[in-house]
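Student: sequence-free structure coming up:
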């Protein structure tokens, strides 16, 4: 494959992945198209086949048990190399396809017709194909209908992506609004309510000096209760929005949070932040901090681990956050992203608008959560741009 074709293939695969459709459950909208294609063309097998880098995965399939097969030259792989419909009346009569595994072994294909799924950007990401086990052909009307249905598959993929992008945009705005509200409530608790309690403590101190000896113990008890309430408010304010993340940065905020979490939970938390980490813009630091909060809570509640390790470091143009435990592991493989719980999906939604991604590695010896986020620009750059 020459460099130009390699570049086009990389763009094609990237376009396919941008639809976020691979390895998703069946959907009625695609199954209806596949059934209709088989009905119109009178074939026992019909597929929406998406050609990935090393495999062909079937978003919809009628008459075939397999969900994917290795990518082998021929049929769908050949169909995406041309703009128009590929028709193979009898595969055994085609020297290039006669030895194909799907021809030699079950289902012993003979007839194949595949209409390429061409995106609005010109990439052919797969086919809508109909297959039979006996030699045959399509009428002109059937061929035109198959191509029309292939365009409908693309329209459905575009609609699906548009809805997903809209939902992600709405989710991102909701997360930002939630963070803004948390910040406001935290400041209100820290400034207003904290000052009221401090004033009340001072007033009780003055009253204590003027009170009889019999009431001294009661005043001390009241002052202790106020002190406890003030401490709880400070803690709640910090959990809502850590002030250090705005004033000093993520590293200091994480260190302080980990120390407090150790005291509250009994979990031993180790924090390692590389010296060259520096500062990120506020949204990135806050996103990583929220992931740490969620992860430590999950470790404490579910993992059975006595230890958690947090590492934050720079890697080329990215920032990497790793959170590891030594617990029992998660009840799913790291690749099965569709089975993430609400907490994991929340982490993903925080990272997605910032160009980041979440990776999970789990076993009976523990779990590693890895958040990778583009560093983007530093606060120093922002200051220079707004000066």
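Tutor: Yep, that arrived. Quantities reported herein were computed from a predicted structural model and do not represent experimental measurements. Numbering: from 1, shown residues only.

Student: now the strands for the stretch 51-200 of the chain?
Tutor: Assigned by DSSP state E, counting those that start in this stretch, the stretch 51-200 of the chain shows strands spanning 55-62, 68-70, 86-88, 111-118, 124-132.

Student: Quick check: buried residues in the second one?
Tutor: Taking 16 or more other CB atoms under 10 Å as the basis for neighbour counts, the residues of strand 68-70 that come out buried are residue 69. To be clear about C-beta, it is placed using only N, CA and C from the backbone, and glycine gets the same treatment.

Student: quick one: contacts of it?
Tutor: Under the criterion CB atoms under 8 Å, 6 or more residues apart in numbering, residues 54-58, 102 lie in contact with strand 68-70.

Student: Tell me where this protein has helices.
Tutor: 3-18, 28-41, 76-79, 101-104, 140-188, 194-210, 216-240, 243-247, 250-265, 282-298, 342-351, 379-386 (DSSP state H).

Student: Just name the most buried of the strands of the stretch 51-200 of the chain.
Tutor: By mean neighbour count, with neighbours taken as mean count of other CB atoms under 10 Å, strand 124-132 ranks first of these at a mean of 26.

Student: Show me what that one pairs with in its sheet, parallel or antiparallel.
Tutor: Strand 124-132 has the following strand partners under DSSP bridges: strand 45-51 (antiparallel), strand 111-118 (antiparallel).

Student: Need those strands in TSV (columns: distance to residue 318 and mean pLDDT).
Tutor: Rendered in TSV, the data for these read as follows (distance: least, CB to CB, whole Å; pLDDT from 0 to 100):
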stretch	distance to residue 318	mean pLDDT
strand 45-51	28	94
strand 111-118	33	93
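
Student: okay if I get these as a markdown table plus distance to residue 365?
Tutor: Conversion of the strands paired with strand 124-132 to a markdown table gives the following (distance: least, CB to CB, whole Å):
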| stretch | distance to residue 365 |
| --- | --- |
| strand 45-51 | 35 |
| strand 111-118 | 42 |
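
Student: among the ones you listed, which is nearest residue 303?
Tutor: Residue 303 lies closest to strand 45-51 among the strands paired with strand 124-132, at 36.2 Å (CB to CB).

Student: now the residue positioned nearest the centre of the chain, nearest residue through space, not along the chain?
Tutor: Taking CA atoms, centre = their mean as the criterion, residue 348 is the residue nearest the geometric centre of the chain, at 3.8 Å. Of all residues beyond its chain neighbours, the one nearest residue 348 is residue 358 (5.0 Å), with distances taken as CB to CB, 6 or more residues apart in numbering.

Student: so that neighbour touches residue 347, yeah?
Tutor: Yes. Under the contact definition of CB atoms under 8 Å, residue 358 touches residue 347, with a separation of 5.3 Å.

Student: where in the stretch 51-200 of the chain is pLDDT low?
Tutor: Judged against pLDDT under 70, the low-scoring parts of the stretch 51-200 of the chain cover residues 73-77, 172, 179, 183, 186-197.

Student: mind redoing it with 50?
Tutor: Per-residue confidence for the stretch 51-200 of the chain (pLDDT under 50) gives no ranges below the cut-off.

Student: go on, the stretch 201-350 of the chain?
Tutor: Low-confidence segments of the stretch 201-350 of the chain, defined by pLDDT under 50, span residues 333-339.

Student: rerun at 80
Tutor: Counting by pLDDT under 80, the low-confidence segments of the stretch 201-350 of the chain come to 201-248, 276-278, 281-283, 330-346, 349.

Student: Next, report how far stretch 18-26 is displaced from the centre of its chain.
Tutor: Relative to the chain's own centre, stretch 18-26 is displaced by 13 Å; criterion: CA atoms, centre = their mean, to the nearest Å.

Student: Quick one: end-to-end length of that stretch, please.
Tutor: 18 Å (CA to CA, to the nearest Å).

Student: what's the answer for stretch 13-27, then?
Tutor: Counting by CA to CA, you get 22 Å between the two ends of stretch 13-27.

Student: For that stretch, could you pull out the residues that count as buried?
Tutor: Judged by neighbour count (16+ other CB under 10 Å), stretch 13-27 contains these buried residues: 13, 15-16, 19, 21.

Student: Can you spell out the domain ranges of the chain, please?
Tutor: The record assigns the chain these domain ranges, following automatic domain parsing: 3-167, 249-387.

Student: I'd like the ones you listed as a markdown table, with distance to residue 175 appended.
Tutor: Output for those, formatted as a markdown table (distance: least, CB to CB, whole Å):
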| stretch | distance to residue 175 |
| --- | --- |
| domain 3-167 | 12 |
| domain 249-387 | 6 |
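
Student: Of all these, which one is nearest residue 178?
Tutor: Residue 178 lies closest, by CB to CB, to one member of these: domain 249-387, at 9.7 Å.

Student: thinking again about what came up before, can the helices of the chain go into a markdown table with extra columns for distance to residue 125?
Tutor: Output for the helices of the chain, formatted as a markdown table (distance: least, CB to CB, whole Å):
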| stretch | distance to residue 125 |
| --- | --- |
| helix 3-18 | 4 |
| helix 28-41 | 14 |
| helix 76-79 | 11 |
| helix 101-104 | 20 |
| helix 140-188 | 8 |
| helix 194-210 | 57 |
| helix 216-240 | 44 |
| helix 243-247 | 42 |
| helix 250-265 | 39 |
| helix 282-298 | 31 |
| helix 342-351 | 24 |
| helix 379-386 | 38 |
